[in-house]
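> Sequence first, then the predicted structure:
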Amino acid sequence: MRLVVSGGGTGGHIYPALAFMKTVREADPNAEFLYIGTEKGLEKSIVGKENIPFETIEISGFKRKLSPDNVKTAIQFLRGVRRSKALLKRFRPDIVVGTGGYVCGPVVYAAHRLGIPTMIHEQNSVPGLTNKFLSRYVDKIAISFAQSARYFPEEKTVLTGNPRATEVLGFDGKKGLEKLGLAPDKKTVLIFAGSRGARPINEAVLQALPRFAEKDYQILYVTGEVHFEAVYQHYAAAGGPKNVFVKPFLHEMQEILSGVDLVVSRAGATTIAEITSLGLPAILIPSPYVTNNHQEKNAMMLQEKGAARVILERELDGGKLAEEIDKILFDENRLEEMKKASKSLGIGDAARRMYRLAEEMVRSASGKKKS
Ligand SMILES: CC(=O)N[C@H]1[C@@H](OP(=O)(O)OP(=O)(O)OC[C@H]2O[C@@H](n3ccc(=O)[nH]c3=O)[C@H](O)[C@@H]2O)O[C@H](CO)[C@@H](O)[C@@H]1O
């Protein structure tokens, strides 16, 4: 299979793309890949580590409100379509898959114009602008939650789950923890805030440091690259508690997740797919700064099923965070119930479902060409 994948901006769009490519590679060792992203998004550094050919186009997002910037974006979009067409003609993919974020708009649209089979993957329960736009043109729409089917044409839409849910399975998380210098046999709480980190969560963790320092569990705390230095200074000034391990970003998240007892995080769709695939209990602090407040909807869905406890950002402070962690971590019955509820929401074979769909599309397109 010759596959072009495009998606980016934040990790939530990039990791599903990489997980999907990994599954394609396992099924078809001769598969060839091209990733189309932007210079500015996180994809440049994340995909860069994976030895996958990477090309860029320039694009920014449309504003939801009327704005002169939208004219600039429209021109950029058309240029992006032209450049994408050139890249696609050179690479000659069997299929083009978009995993969300502005960048996949021109790429997938260009593929459609060239008559190449196209699929988009939607990670969220409420679709983003780019996928809404592309849904009119693409051949198939792979969704992660049954609830999002209503936003898309029925005949094209298939529930696959999020391929990243498959990628996090099968690791020895305790070994992952050891690699990072943590004790494998201690209770462990992982705290992170999406792929970029979040100041309010960092502030709450810093406030809670003196309380954490007295605990006999350990905390793996990921600040987000841009926040790391400032946070580390505070951490050091607070005496650098030995049971709190501070990192800017985890490139090996899939090797770590199954080794932790509780996750504290934002409620981005890809994080949720990972947590539920592994059946991890979570405290979710949804970002209030996202379109349609969709993270709160994601988080509430987990809370209603008993898989997570939600703390709204406006209610968050260090005391509350430490208290909620203790309440869950030291209540074995609650932990077990949360694990079960979380696992029941996961789709562990998502990547294979998506691969089967892509394979069928490629086969049927090549059948059409021959006949
Ligand atoms: C601010 C914003 O617009 N957030 C959106 C963004 O989330 P964002 O990309 O921040 O968050 P997600 O939870 O969806 O994904 C984060 C991904 O990054 C990984 N990770 C994170 C930290 C780290 O150190 N290492 C690491 O590998 C996580 O394991 C996960 O795979 O895209 C998601 C999917 O469309 C949306 O649901 C989110 O609302």
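Here it is on my side, so go on. Numbering: from 1, shown residues only.
> distance of residue 124 from residue 311?
21 Å (CB to CB, to the nearest Å). Any C-beta I mention is one placed from the backbone N, CA and C, and that applies to glycine too.
> more neighbours, these two?
residue 124 (27 against 20; other CB atoms under 10 Å).
> list the contacts for that one?
Residues near residue 124 by CB atoms under 8 Å, 6 or more residues apart in numbering: 144, 145, 148, 269, 294, 298.
> contacts with the ligand among the residues you listed, please.
residue 269 (CB under 6 Å from any ligand atom).
> Residue 12: which element?
Residue 12 is part of helix 11-27, with elements assigned from DSSP states H and E.
> how many other residues sit next to the closest residue to the ligand within the stretch 101-250 of the chain?
Going by CB to the nearest ligand atom, the ligand is nearest to residue 194 of the stretch 101-250 of the chain, at 2.6 Å. Neighbour count of residue 194, defined by other CB under 10 Å: 21.
> Roughly how far does it sit from residue 12?
Separation of residue 194 from residue 12 (CB to CB): 7 Å.
> what does the stretch 201-350 of the chain put close to the ligand?
So far as CB under 6 Å from any ligand atom goes, the stretch 201-350 of the chain lies against the ligand at 222, 249-250, 253, 266, 268-271, 274, 287, 290, 295.
> what do residue 194 and residue 12 both touch?
Common neighbours of residue 194 and residue 12 (CB under 8 Å, 6+ apart) are 268, 271.
> Specify the local secondary structure of residue 355.
Applying DSSP: H, G, I helix; E, B strand; the rest coil to residue 355 yields a three-state assignment of helix.
> Let me see the contact set for it.
Contacts of residue 355 (CB under 8 Å, 6+ apart): 20, 23, 24, 27.
> again, only this time at 10 Å
Applying CB atoms under 10 Å, 6 or more residues apart in numbering to residue 355 gives the contacts 1, 20, 21, 23, 24, 26, 27, 28, 160, 163, 166, 349.
> same deal with residue 15?
7, 42, 46, 99, 123, 162-164, 167-168, 195, 253-254, 270-271, 273-274.
> try residue 301
Neighbours of residue 301 in contact, by CB under 10 Å, 6+ apart: 125, 145, 147, 267, 272, 307, 308, 310, 345.
> same thing with residue 38?
Taking CB under 10 Å, 6+ apart as the test, what residue 38 contacts is 6, 8-9, 44, 56-60, 80, 101-103.
> Quick one, which of the contacts of residue 355 are buried?
1, 20, 21, 23, 24, 160, 163, 166, 349 (16 or more other CB atoms under 10 Å).
> wait, doesn't the fourth one sit right on residue 163?
The reference is to residue 23. Yes: with contact defined as CB atoms under 10 Å, residue 23 reaches residue 163; the gap is 6.5 Å.
> which residues are common contacts for those two?
349, 350, 351, 352, 353, 354, 355.
> pLDDT and distance to residue 132 added to the residues you listed, as TSV?
Formatted as TSV, the shared contacts of residue 23 and residue 163 follow (pLDDT from 0 to 100; distance: CB to CB, whole Å):
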residue	pLDDT	distance to residue 132
349	97	27
350	98	21
351	98	24
352	97	27
353	98	22
354	98	20
355	98	25
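> distance between stretch 132-141 and the chain's centre?
Centroid displacement of stretch 132-141 relative to its chain, using CA atoms, centre = their mean, to the nearest Å, is 20 Å.
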